[in-house]
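1. Here's a sequence, model it:
(one chain, ligands or ions: 1)
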Amino acid sequence: MRKLPAGRPSPFKVYVSASSRGLAFEIARQFARDGADIALSSRNASHLDTARQTLLAESPQARVLTIQGDIANVGDQEKILATLDAEDFQPDVFVCSAGHPMEGRLSSLSRADWSHELEMILGHAVFASQKFTSAMAERGFGRLIFLSSLYAKAPNHDFFISSLARSALFALSKMVAREYADRAVAAFVVCLGYIDTPLLRNRALGRPHDEPDPEESLLETWSARYEEWAAEIPAKRIATPAELARFISFLTLPETEYLSGNVFSFSGGLDKEII
Ligand SMILES: NC(=O)c1ccc[n+]([C@@H]2O[C@H](COP(=O)([O-])OP(=O)(O)OC[C@H]3O[C@@H](n4cnc5c(N)ncnc54)[C@H](OP(=O)(O)O)[C@@H]3O)[C@@H](O)[C@H]2O)c1
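-> Below you'll find the model as predicted:
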């Protein structure tokens, strides 16, 4: 009979996709504080550089690798995986985040949008998982954590592609769990509610979600929207990226192995579904 691994590997390597800012950056930051080496990817080289400097200032012991690439683009996905290889960075943990999917209904969906969004949400998730899992299994430890949204559990027709593609992450996680459970590789999905990030603040202000962080002068407007949204959440508050990051870090402890294949909601009680 096999035994539960005694601990996380040392050195411990974590790749977080789409992670130059927002909640994915905060997850990388938590892992750096935990003593891990970190690989980050995103489209914008200057965002990545700022992220790298912040991590190194706080966690000077960490190796921080940044890879510029758009995960909606197949060539860039391959470049990211090839760079990890070339840098001899074999992740023990893959936290799969993405950009914010486009809004819109089935009736307005174009073929070009379909391909772009599927590659961004699922393409990198599938092919990075394919690349990482067998090496994790050989080393006898691994975690794949796919970030999804509440619309994946309760589809919203105004967010057609997000609801559809992010629910496919459930099947991906289950299939990885079944194939690799006997080699200490576990997979999870975390469905997100409201997390206080630049994306959420820009949405509250009616600005494009990719804008830089809102200026201080706009924080009062943001705060009013924050209170409206918080009132709808049973927990009566919007989560911080830091608390999400601590939960994601917890999922990488050896003791979570038996939870593999589970879908978690991180929503302050907003999620009404039983399963
Ligand atoms: N915040 C929430 O309340 C919430 C709730 C549910 C789901 N989510 C989901 O969680 C994810 C992160 O959200 P967030 O609030 O942290 O967003 P954010 O603050 O806008 O950060 C998004 C991050 O993704 C990177 N990115 C965007 N598109 C990319 C692409 N095509 N290829 C590579 N990197 C890309 C951005 O970096 P660059 O600009 O440098 O590329 C940035 O680092 C999104 O998928 C979002 O839909 C968030």
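2. For the chain, just list every one of the helices.
-> In the chain, the helices defined using DSSP state H lie at 22-33, 45-58, 74-86, 111-118, 124-139, 150-153, 160-180, 198-204, 219-232, 241-250.
3. The ligand: which of those is closest?
-> Minimum separation from the ligand across those (Cβ to the nearest ligand atom) falls at helix 22-33, 2.2 Å. Any C-beta I mention is one placed from the backbone N, CA and C, and that applies to glycine too.
4. Contacts for that closest one next, please.
-> Residues outside helix 22-33 that contact it (Cβ atoms under 8 Å, 6 or more residues apart in numbering) are 12, 14, 16-19, 38, 40, 51, 54-55, 58-59, 62, 64, 93, 95, 97, 147, 192, 195, 197-199, 241-242, 244-246, 248-249.
5. quick one: Val16 and the ligand, what's the gap?
-> Applying Cβ to the nearest ligand atom, to the nearest Å, the value for Val16 to the ligand is 9 Å.
6. Correction: the previous question concerned Gly104.
-> In terms of Cβ to the nearest ligand atom, Gly104 sits 14 Å off from the ligand.
7. Let me know whether that residue touches Ser162 as I believe.
-> No - Gly104 lies out of contact with Ser162 (Cβ atoms under 8 Å); the separation is 9.4 Å.
8. neighbour-wise, which of those two wins?
-> Counted by other Cβ atoms under 10 Å, Gly104 and Ser162 do not tie: Ser162 has more neighbours, with 23 against 17.
9. If you drop the residues flanking it in sequence, what lies closest to the more buried one?
-> Pro101 (3.9 Å; Cβ to Cβ, 6 or more residues apart in numbering).
10. The one you found reaches Glu119, doesn't it?
-> No - using Cβ under 8 Å, Pro101 is not in contact with Glu119, being 11.4 Å away.
11. what does the stretch 101-250 of the chain have sitting close to the ligand?
-> With Cβ under 6 Å from any ligand atom as the criterion, the stretch 101-250 of the chain meets the ligand at residues Met120, Leu147, Ser149, Leu192, Tyr194, Ile195, Thr197, Pro198, Leu199, Leu200, His209.
12. Would you list the buried entries among the residues you listed?
-> Met120, Leu147, Ser149, Leu192, Tyr194, Ile195, Thr197, Pro198, Leu199, Leu200 (16 or more other Cβ atoms under 10 Å).
13. and those residues as CSV, adding distance to Ala112 and pLDDT?
-> What follows is those, written out as CSV (distance: Cβ to Cβ, whole Å; pLDDT from 0 to 100):
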residue, distance to Ala112, pLDDT
Met120, 13, 98
Leu147, 24, 98
Ser149, 22, 97
Leu192, 26, 98
Tyr194, 30, 97
Ile195, 29, 97
Thr197, 27, 93
Pro198, 26, 90
Leu199, 23, 92
Leu200, 27, 92
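14. which one among those residues gets closest to Leu253?
-> Checking these against Leu253 by Cβ to Cβ gives Leu147 as the nearest, at 18.4 Å.
15. got a list of what the residue nearest in space to the middle of the chain touches?
-> The centroid of the chain falls nearest to Ser97 when counting by Cα atoms, centre = their mean (2.7 Å). Ser97 makes contact with Val16, Ser17, Ala18, Ser19, Leu23, Ala24, Ile27, Leu147 under the criterion Cβ under 8 Å, 6+ apart.
16. which residues touch the lowest-mean-pLDDT helix or strand in the chain?
-> Sorting the helices and strands of the chain by mean pLDDT, DSSP states H and E puts helix 219-232 at the bottom, at a mean of 87. The contact list for helix 219-232, computed with Cβ under 8 Å, 6+ apart, reads Tyr194, Asp196, Arg201, Ala204, Leu205, Pro214, Lys236, Arg237, Ile238, Leu270.
17. Now that helix - C-alpha only, CSV.
-> C-alpha atoms of helix 219-232 as CSV (Å, rounded to 0.1, in the frame of the first residue of the first chain):
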residue,chain,number,x,y,z
LEU,A,219,-11.8,55.0,-4.6
GLU,A,220,-14.9,56.6,-3.1
THR,A,221,-17.0,55.5,-6.1
TRP,A,222,-15.5,52.1,-5.9
SER,A,223,-16.3,51.9,-2.3
ALA,A,224,-20.0,52.7,-2.9
ARG,A,225,-20.2,49.8,-5.5
TYR,A,226,-18.3,47.6,-3.1
GLU,A,227,-21.0,48.1,-0.4
GLU,A,228,-23.7,47.3,-2.9
TRP,A,229,-22.0,44.1,-4.0
ALA,A,230,-21.1,43.1,-0.5
ALA,A,231,-24.7,43.5,0.6
GLU,A,232,-25.6,40.7,-1.8
